[in-house]
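**Q** Structure here, sequence nowhere to be found:
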């Protein structure tokens, strides 16, 4: 055999850390270039959570006959406990909804962008081209997830600023930095779930119908409009082990004077740290498993 | 002085691939069916050669290439590319090869040609400084300068093909897999690409080239393997393969032939095989393989005209690789003739 004696060409041998970082950076850069060539995409998606938050606020107001009534009814019937002993205000109600829908948008973007990415790459043939390259899948996925992170955070910040102006709330009254930290701490778990989702899309070669269905399941499970404590026991516990529920609750209980449904802050932090390594680990393993299965069957390029 | 024999840079041992495909027949529900795409294929590609893989659609050539390029896992057997095992050294195999497998697919349409090359260069771990030089070299070599800084969505299909070809060269790999690289190119561009492939081979690259265009294979390939129904049915230099039919002649007929013509011809003693190619307006081309065309010509004409056929042209033909395929399988390589050809084979019990 000619064997390893033939080593012409680039990329033979173990790639350096710099080369691996180069893969992440190139994938990230390419995704950013592509999205910025679709005019207005990022700004338009930032408007979605504002509309999402507006709906329950308006509905609550209409049903209760006033915004403060809506807030009082909502926090009373959801058994939301305050940390100050003071009654929660209409502004708290608005911020509760805004943060719920903003977090939902981050979760939604992080998950669906990976699903759509896999599907689109499959359809255009670029997924097969990626699998022909020696770059490790981990670094390619890291590049894509970095892009989804930046895009989601940008949309979160834009939506928070616009939503705060529109709903006349000030998230800076609470420890916004700490809330943002919880958001960032929740991201690795979202990456993990997105690997599960990307793997399913790769296997079933369909993204739209799965996303349409899961969009609503996800919104309910993570408690966008209510704390999941309103669910029956079994459903409540199922929803509570879902990392986005934890993230939403952590952000709300940090910004608003309310208790977390998970307990004290260190419990929340501990759970988030656990989810931050466990879920990506399981998600990546699952992705690898499905990827191998796909390569045993028709190949990743089959669409 | 003894010239050392080149060593195999690709070695395939007993490679088997079985797919499970689902059949959907009306009223019968969904049935799973096993399709054996490769049947214990053995093959060696020597270092520095252009190796042609010929066969009709569905013969197994894409499956073989996908396994060798690590896109698919084999069901049985194994292979080595550049000395690396395709299942145990996947990343080393990938680093050893440049591929153009999907025609003009596999490019990002919202990126420019240059951005695509840079992106894939990074994925092949080509250092940044080398990447810039390599891209400039490729732009110059393939004359991409006029359009390389426009987004791919604005390219013609020929331009996309040439950028896809440039992509396969970005890592300057010792082995190249080119799957029908000229398929949507105009004639001058295809000719230029073949010239470049030859030049790359002269520089020392090993090239595995699949095509259904016989003239391409004859022009480019040092050796050729013909694959059909997942098996290598012929292997050698183009000349060796043609010489294997040297005792046979081919008579080519064009015209309008009733359905029974092929079976009538096959019933004539001395006629070895008949391949059918459907043309426009009900016209058909028949390639009749005989042992001696001069002696057989009157009998061929009698068999054809006695059946009410209209013969527009009749001429003897030089043996080509296509004829080798016909002799081994009873079918032509052309995609749109497979059904006609298969029907003819059945008639002959082949």
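**A** Arrived safely, thanks for sending. No experiment lies behind these values; they were computed from the predicted model shown. Numbering: from 1, shown residues only, chains lettered A, B, ... in the order given.
**Q** Not counting its own residues, what contacts stretch A:193-212?
**A** Residues outside stretch A:193-212 that contact it (CB atoms under 8 Å, 6 or more residues apart in numbering or on different chains) are A:110-119, A:122, A:127, A:141, A:145, A:148, A:214, A:243-244, A:279-280, A:282-284, A:286-287, A:289-291, A:293-294, A:300, A:302-303. Any C-beta I mention is one placed from the backbone N, CA and C, and that applies to glycine too.
**Q** List the buried residues of that stretch.
**A** The neighbour-count check on stretch A:193-212 (16 or more other CB atoms under 10 Å in any protein chain shown) flags A:193-202, A:207, A:210-211 as buried.
**Q** Out of these, list just those in helices.
**A** A:193, A:194, A:195, A:196, A:197, A:198, A:199, A:200, A:201, A:202, A:210, A:211 (DSSP state H).
**Q** for the residues you listed, which one is nearest chain B?
**A** Comparing these against chain B with CB to the nearest CB places residue A:202 closest, at 13.3 Å.
**Q** ok so, going back, so how do I select the buried members of the contacts of stretch A:193-212 in ChimeraX?
**A** To isolate the buried ones among the contacts of stretch A:193-212 in ChimeraX, judged by 16+ other CB under 10 Å, type:
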select /A:110,111,112,113,114,115,117,118,119,122,127,141,145,148,214,243,244,279,280,283,284,286,287,290,291,294,300
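**Q** Of the contacts of stretch A:193-212, which ones also sit close to chain B?
**A** Of the residues in the contacts of stretch A:193-212, proximity to chain B by CB under 8 Å from any CB of the partner chain holds for residue A:300.
**Q** circling back to that earlier point, mind putting the buried residues of stretch A:193-212 into TSV with pLDDT and distance to residue B:230?
**A** Converted to TSV, the buried residues of stretch A:193-212 look like this (pLDDT from 0 to 100; distance: CB to CB, whole Å):
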residue	pLDDT	distance to residue B:230
A:193	90	41
A:194	87	38
A:195	88	35
A:196	89	36
A:197	85	36
A:198	86	32
A:199	88	30
A:200	86	31
A:201	84	31
A:202	84	26
A:207	75	33
A:210	77	35
A:211	78	38
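**Q** okay, and the helix or strand of chain A with the least pLDDT?
**A** helix A:41-64 (a mean of 78; mean pLDDT, DSSP states H and E).
**Q** Can you tell me the element residue B:88 falls in?
**A** Assessed by DSSP states H and E, residue B:88 sits outside every helix and strand.
**Q** can you tell me how far it sits from chain A?
**A** Residue B:88 is 13 Å from chain A, where distance means CB to the nearest CB, to the nearest Å.
**Q** ok, now which ones touch that residue?
**A** No contacts exist for residue B:88 under CB under 8 Å, 6+ apart.
**Q** so what's it scoring on pLDDT?
**A** pLDDT for residue B:88: 91.
**Q** Identify the residue of the stretch 201-350 of chain B closest to chain A, quick one.
**A** Residue nearest to chain A within the stretch 201-350 of chain B (CB to the nearest CB): residue B:204, separated by 7.4 Å.
**Q** ranges for the helices of the stretch 101-250 of chain A?
**A** In the stretch 101-250 of chain A, the segments counted as helices under DSSP state H, counting those that start in this stretch are A:126-132, A:137-167, A:176-204, A:208-221, A:233-240, A:243-255.
**Q** sec struct for residue B:149, please.
**A** On the three-state scheme (DSSP: H, G, I helix; E, B strand; the rest coil), residue B:149 is labelled coil.
**Q** Got the phi and psi for the closest residue to it other than its chain neighbours?
**A** Nearest non-adjacent residue to residue B:149, counting by CB to CB, 6 or more residues apart in numbering or on different chains: residue B:112, 5.2 Å away. For residue B:112, the backbone dihedrals are phi -80, psi 170 (criterion: degrees, to the nearest 10).
**Q** Ok, residue B:47 next?
**A** phi -60, psi 130.
**Q** Quick check: which helices or strands does the strand or helix carrying residue A:290 pack against?
**A** In this structure, residue A:290 is located in helix A:265-296 according to DSSP H and E. Secondary-structure packing of helix A:265-296 (3 or more CB pairs under 8 Å, 6 or more residues apart in numbering or on different chains; DSSP states H and E): helix A:137-167, helix A:176-204, helix A:243-255.
**Q** quick one, which of these is packed in tightest?
**A** Of all the helices and strands packed on helix A:265-296, helix A:243-255 carries the top mean neighbour count, a mean of 25, counting by mean count of other CB atoms under 10 Å in any protein chain shown.
**Q** packing partners for that one?
**A** Packed against helix A:243-255 by the contact rule (3+ CB pairs under 8 Å, 6+ apart) you find helix A:90-124, helix A:176-204, helix A:208-221, helix A:265-296.
**Q** lowest-confidence stretch among those?
**A** Across those, helix A:208-221 has the smallest mean pLDDT, namely a mean of 82.
**Q** what's the angle between that helix and helix A:233-240?
**A** Orientation check (axes from the mean of the first three to the mean of the last three CA atoms, to 10 degrees): helix A:208-221 against helix A:233-240 gives 110 degrees.
**Q** now helix A:208-221, how far from the centre of its chain.
**A** In terms of CA atoms, centre = their mean, to the nearest Å, the centre of helix A:208-221 is set 13 Å apart from its chain centre.
**Q** So what angle separates the directions of it and helix A:176-204?
**A** Per the same axes, to 10 degrees, the angle that helix A:208-221 makes with helix A:176-204 is 150 degrees.
**Q** circling back: which single one of the buried residues of stretch A:193-212 is nearest to residue B:264?
**A** Residue B:264 lies nearest to residue A:202 out of those, by CB to CB, at 53.1 Å.
**Q** Averaged pLDDT, stretch B:286-294. What do you get?
**A** 81.
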